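Novice: what follows is a predicted protein model with its sequence.
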Amino acid sequence: MSTLFELNEHLRRIVALNFPQPLWITAEVSKINESRGHFYLELVQKGENNDILAQAQAVIWSGEYRQLLYKHGLGLNSVLREGVGLKIQVRPDFHERYGLKLQIVDLDPAFTLGQLDLQRRQTIQTLRDQGLFDKNRSIPLPMVLQRIAVISSETAAGLQDFKRQLEDNNMSYSFELHLFAAMVQGKNSEQEVVAALSLIAQKKDAFDCVVIVRGGGSRLDLSSFDGLELCRAVANLPLPVLSGIGHDVDETVLDLVAHRALKTPTAVAEFILQHNLLFESDVLEATNQVRVFAFNFVKYCALKLEQTIGDARWGARACLQSAGFQLETIAQDIPLRTQQLLQNQHRAIQQAEAYCAALHPENVLKRGFSLTTINGKYVCATSEVNTGDTLETRVRTGTIVSQVSAVQEVTKRAPVENTP
């Protein structure tokens, strides 16, 4: 029967004999700690469902770290962080007390960058497939950007540059900046920025736009801005997003889906100032156009009024002249027209007199007619006369007195029928 020490010693010899030289492996850093210049890593390999297939402890001793730092430069610190895939050269070491530990003697930063580029391309394709890639750019930018929600770290140098550029503008523009603090580097930066975007979306009516800024850094430092969830949150935000992340040469997926990507935080501030200046210029131009239009319109109205006054003056004079001519014509026509009117009236009177004379009873009697009266009243019907009444009949040469012996009604004649 063997002891645990003997078993572990046997395993150490097997590992030492089978791995005489370091070998290259790929793994993901799930946890990393630094103590006294040594770096202790927990490496994992994940399956398709993100479940852990393998796990091991690794270490970079301080001496090895200095050599790697000399070999790869300061970019080494960007590679050594949680959630990053590594291609590392390790020397397996099994210790009787501490068990298996992988000693890292070299690494390949290009592999990590390649993994990030692959993830970046996948994120872009996913956003295109979901119709989100151009969604935020389709939101119209307000004419004035004044109420600004800023996402950045409180201590970020890029934030200070952004604020200083806005505050020191020579146009006397004022801004309402509301900081939503979030880590812009490290393992939790994506989750914190997404949470900040969620808070801003709930208060969308309080802001004109969203600004995400941070200073420069390595490609790995900016990799959190390539995350799918973060870029999806930016695309779906109901406010236009302005990004100022990194240096002039940096471009993240967030830059691609944002409404406008500027190279630096200072450039974002300058863009906002120029945008507002353009609006002010448009307002001044419109004001000047209104002023010119009003001046020209008043001048036109004055000329039109002067022309109207002149037309009225000449029109009144012409009207008076015409009325004068008409009065002269009427004055000349009055005697003639009066004479004609009197003559016409005289003839009408003569005709009326002739008509009245023809209807005079004396003239009627001369034509053979007679007038019969009873007791001084003219007889017009047989019903007015009775037998024995005395009648006086006046003819042209005198009066005839007679007595009624009988009254006879005149029988009406029957109408003559037309025989066909």
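Specialist: Ah, there it is.
Novice: can we go C-alpha only for contacts and neighbour counts from here?
Specialist: OK.
Novice: what pLDDT does the model give residue 219?
Specialist: Residue 219 is assigned a predicted lDDT (pLDDT) of 59.
Novice: after the helix or strand of the chain with the lowest mean pLDDT, heading C-terminal, what element do we hit next?
Specialist: Ranked by mean pLDDT, DSSP states H and E, the weakest helix or strand in the chain is helix 75-79, scoring a mean of 70. Following helix 75-79 in sequence order, the next helix or strand is strand 85-95 (DSSP states H and E).
Novice: quick one: distance of that following strand to the chain centre.
Specialist: Put simply, strand 85-95 sits 60 Å off its chain's centre (C-alpha atoms, centre = their mean, to the nearest Å).
Novice: ditto for stretch 225-239
Specialist: 24 Å.
Novice: buried ones in it, by neighbour count?
Specialist: Within stretch 225-239, the residues scored as buried using 16 or more other C-alpha atoms under 10 Å are 225-228, 230-239.
Novice: again with stretch 269-280
Specialist: 269-270, 272-273, 275-276, 279.
Novice: circling back: in CSV: the buried residues of stretch 225-239, plus distance to residue 343 and pLDDT.
Specialist: Conversion of those to CSV gives the following (distance: C-alpha to C-alpha, whole Å; pLDDT from 0 to 100):
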residue, distance to residue 343, pLDDT
225, 116, 81
226, 117, 82
227, 118, 83
228, 116, 86
230, 114, 89
231, 111, 92
232, 110, 92
233, 109, 94
234, 107, 93
235, 105, 93
236, 104, 94
237, 103, 94
238, 100, 94
239, 100, 95
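Novice: kindly indicate which of those lies nearest residue 134.
Specialist: Set against residue 134, the nearest of the buried residues of stretch 225-239 by C-alpha to C-alpha is residue 235 (7.5 Å).
Novice: report the backbone C-alpha coordinates of the host helix or strand of that closest one in CSV.
Specialist: Taking DSSP H and E as the definition, residue 235 sits inside helix 228-236. In CSV, the C-alpha atoms belonging to helix 228-236 read as follows (Å, rounded to 0.1, in the frame of the first residue of the first chain):
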residue,chain,number,x,y,z
LEU,A,228,-22.9,42.1,-28.6
GLU,A,229,-25.1,43.1,-25.7
LEU,A,230,-23.6,46.5,-25.4
CYS,A,231,-23.9,47.2,-29.1
ARG,A,232,-27.4,45.9,-29.2
ALA,A,233,-28.4,48.3,-26.3
VAL,A,234,-26.8,51.2,-28.2
ALA,A,235,-28.7,50.3,-31.4
ASN,A,236,-32.0,50.1,-29.6
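Novice: for that helix, packing partners?
Specialist: Helices and strands touching helix 228-236, by 3 or more C-alpha pairs under 8 Å, 6 or more residues apart in numbering; DSSP states H and E, are helix 109-129, helix 189-202, helix 253-257.
Novice: so which of these gets nearest residue 335?
Specialist: helix 189-202 (98.6 Å).
Novice: excluding chain neighbours, what is closest to the residue most central in space within the chain?
Specialist: Among the residues of the chain, the one closest to the centroid is residue 140, at 8.3 Å (C-alpha atoms, centre = their mean). Nearest residue to residue 140, sequence neighbours excluded (C-alpha to C-alpha, 6 or more residues apart in numbering): residue 240, at 7.5 Å.
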